[in-house]
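J.: Just the structure for this:
(one chain, ligands or ions: 1)
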Amino acid sequence: MTITPLMPVYPRCDVRPVKGEGCYLIGERGERYLDFASGIAVNLLGHSHPDYIKAVQDQVATLMHVSNLYGSPQGEKLAQTLVDNTFADTVFFTNSGAEAVECAIKTARRFHFADGNPQRNTIITFSNAFHGRTIGTISATDQDKLRKGFEPLLPGFVVVPFNDLDAARAAVNDGTAGFLVEPVQGEGGIRPATQEFLAGLRQICDEKGLMLVLDEVQCGVARTGTLYAHEHYGITPDIMATAKGIGGGFPLGACLATERAAKGMVIGTHGSTYGGNPLAMAAGSAVMEAVLADGFMAHVTAMGDRLRQSLEQLIPNHDHLFDSVRGIGLMQGLKLKSDSRRFVAHLRDNHGLLTVAAGENVVRILPPLIIEEAHIAEFIEKLSEGARTYVPPADE
Ligand SMILES: *Cc1c(COP(=O)(O)O)cnc(C)c1O
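T.: Numbering: from 1, shown residues only. All right, here's what the predicted structure looks like:
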């Protein structure tokens, strides 16, 4: 047998973390890494945040799980916090981002069903998008690497180019349920929607009675300096998926909706065994308490500005390798002139710096939101050193 006990779907590397401290991970041999990946935009309070640990530990010792057949004071608390601080009137809790997107798709379709238009069931999505790994969410993208060999995929999705409002408008017909879009594409290479595009989608939805469904699984929960990224655009969705950061490291997602959009989601239409259990709710509430505290969002914005300026200053020094930087707040992408996967591995293996590769030769920079200026300075130093010592493959 050559297969590994962990199903070999990930190209796992030699970094084998066993402990986390703030913005650092510590490996099996005691080596330290500066963590500007945050478990892919998850550990927004860094590792071992004392308030977060205490909230989760207390809840473990009190009550971990009960079924959704019972009343949930823990769920009501977190849902109320989300309702109070967003466009939404109601929340369904899930265990992952893909499940949150699935619930969002179901909510959009079910709205039109309940509204007397069951034929309005096609969701328009966008090129280069990532919505998860379920059959439904891979059906919602055009990325061959996610879809190949998993056919037959689900009907009911149409993909048009991202940031192309005319194409989006042209794709709408009598069978359209709405749009599903990331305000800032994450896996696709940290590509923010343009103002015109996102506001335009909102306008089309208003004109035609469609659902605007946002996937804020990666860009949400204060990552861009506002609680949700769409706030930068001055619009609100009808339905939104959130996950990653909201659990701070505990598996948690949510589908948020307005009262109108949730019209079809009545008793018996959806469910989850684990979704919203007391332990998950304690983790989510601890995260929300931290990010909604006075000054937190301003700190993210300030650190985002500092990071962005530092990157912009660095690019001309290494212009054989670095192309440009894009993103919002602490969700930045450094676009390279060659493959980013190799460079990310080089930073990791030779400079103790963790980042994440993304589409279009982008190095994703997703630090914990609690970073200080000293961490940015250390990051820039390691990145700069890494660029100096990097030897791109000969054929590039
Ligand atoms: C990560 C991600 C998902 C999927 O989340 P999982 O928790 O891995 O299921 C969906 N949408 C976006 C935008 C993501 O970044």
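J.: can you list the residues of the stretch 1-150 of the chain near the ligand?
T.: Counting by C-beta under 6 Å from any ligand atom, the stretch 1-150 of the chain comes close to the ligand at 96-98, 101, 130-132. (C-beta placed from N, C-alpha, C; glycine too.)
J.: Go again with 8 Å.
T.: Counting by C-beta under 8 Å from any ligand atom, the stretch 1-150 of the chain comes close to the ligand at 40-41, 96-101, 129-134, 137.
J.: Tell me, how many residues neighbour residue 139?
T.: By other C-beta atoms under 10 Å, 22 other residues sit near residue 139.
J.: For residue 322, see how far away it is.
T.: Going from residue 139 to residue 322 by C-beta to C-beta, to the nearest Å gives 36 Å.
J.: Next: residue 222.
T.: Distance, residue 222 to residue 322, by C-beta to C-beta: 27 Å.
J.: Hmm, residue 134 and residue 98 touching each other?
T.: Yes: counting by C-beta atoms under 8 Å, residue 98 does reach residue 134; the two are 4.7 Å apart.
J.: neighbour count winner among these two?
T.: For residue 98 versus residue 134, neighbours defined as other C-beta under 10 Å are more numerous around residue 98 (22 against 15).
J.: ok, now which ones touch that one?
T.: Taking C-beta atoms under 8 Å, 6 or more residues apart in numbering as the criterion, residue 98 is in contact with 131-134, 136-137.
J.: Spatially, which two of the residues of the stretch 1-150 of the chain next to the ligand are the most separated?
T.: Greatest spacing in those, by C-beta to C-beta: 41 and 134 (19.3 Å).
J.: surely residue 330 meets residue 307?
T.: Yes: with contact defined as C-beta under 8 Å, residue 330 counts as touching residue 307 (6.7 Å).
J.: Mutual contacts of these two, please.
T.: Common neighbours of residue 330 and residue 307, counting by C-beta under 8 Å, 6+ apart, are 365, 367.
J.: And the two? Which one has more around it.
T.: Neighbour totals were compared for residue 330 and residue 307, and residue 330 leads with 28 against 24 (other C-beta under 10 Å).
J.: ok, so what distance separates the closest residue to that one other than its chain neighbours from residue 173?
T.: Leaving aside its sequence neighbours, residue 330 sits nearest to residue 304 (C-beta to C-beta, 6 or more residues apart in numbering; 4.9 Å). With distances taken as C-beta to C-beta, residue 304 is found 40 Å from residue 173.
J.: What helix or strand is residue 112 located in?
T.: Using DSSP states H and E, residue 112 falls within helix 97-114.
J.: Report the distance from that helix to the chain centre.
T.: From the chain centre to the centre of helix 97-114 is a distance of 18 Å (C-alpha atoms, centre = their mean, to the nearest Å).
J.: If I take the following helix or strand past that helix and helix 97-114, what angle do their directions form?
T.: Beyond helix 97-114 on the C-terminal side, the first helix or strand identified by DSSP H and E is strand 122-126. If you take axes from the mean of the first three to the mean of the last three C-alpha atoms, to 10 degrees, strand 122-126 sits at 140 degrees to helix 97-114.
J.: Look up how far residue 178 lies from the closest residue in space to residue 112 that isn't next to it in sequence.
T.: Excluding its sequence neighbours, the residue lying closest to residue 112 (C-beta to C-beta, 6+ apart) is residue 120, at 3.9 Å. The gap separating residue 120 from residue 178 is 8 Å, by C-beta to C-beta.
J.: Those two - which one has more neighbours?
T.: Comparing residue 120 with residue 178 by other C-beta under 10 Å, the one with more neighbours is residue 178, at 31 against 22.
J.: Do I have it right that the more buried one meets residue 210?
T.: Yes: between residue 178 and residue 210 there is a contact at 4.2 Å, judged by C-beta under 8 Å.
J.: Would you map the strands across the stretch 201-350 of the chain?
T.: Assigned by DSSP state E, counting those that start in this stretch, the stretch 201-350 of the chain shows strands spanning 211-215, 239-242, 253-257, 322-328, 331-336.
J.: quick one: the residue lying closest to residue 236 once chain neighbours are set aside from the ligand, how far?
T.: For residue 236, ignoring the flanking residues on the chain, the nearest one in space by C-beta to C-beta, 6+ apart is residue 87 at 3.7 Å. Plainly put, residue 87 is 18 Å away from the ligand if you go by C-beta to the nearest ligand atom, to the nearest Å.
J.: what's the answer for residue 383, then?
T.: According to C-beta to the nearest ligand atom, residue 383 and the ligand sit 23 Å apart.
J.: Residues contacting the strand or helix carrying that residue, please?
T.: Secondary-structure element containing residue 383, defined by DSSP H and E: helix 373-389. Defining contact as C-beta under 8 Å, 6+ apart, one finds that helix 373-389 is touched by 23, 34, 36, 303, 306-307, 310-311, 314, 317-318, 321-322, 334, 343, 346-347, 350-353, 365, 367.
J.: residue contacts, the residue nearest to residue 363 when sequence neighbours are not counted?
T.: The shortest distance from residue 363 to any residue other than its chain neighbours is 4.4 Å, reached at residue 334 (C-beta to C-beta, 6+ apart). For residue 334, the contact set (C-beta under 8 Å, 6+ apart) comprises 311, 322, 324-325, 340, 362-363, 365, 383.
J.: next one: residue 106
T.: Residues near residue 106 by C-beta under 8 Å, 6+ apart: 265, 269-270.
J.: Which PyMOL command selects the buried ones in those?
T.: In PyMOL, this line selects whichever of those come out buried by 16 or more other C-beta atoms under 10 Å:
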select buried, resi 265+270
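J.: Let me know the closest of the contacts of residue 106 to the ligand.
T.: residue 270 (16.7 Å; C-beta to the nearest ligand atom).
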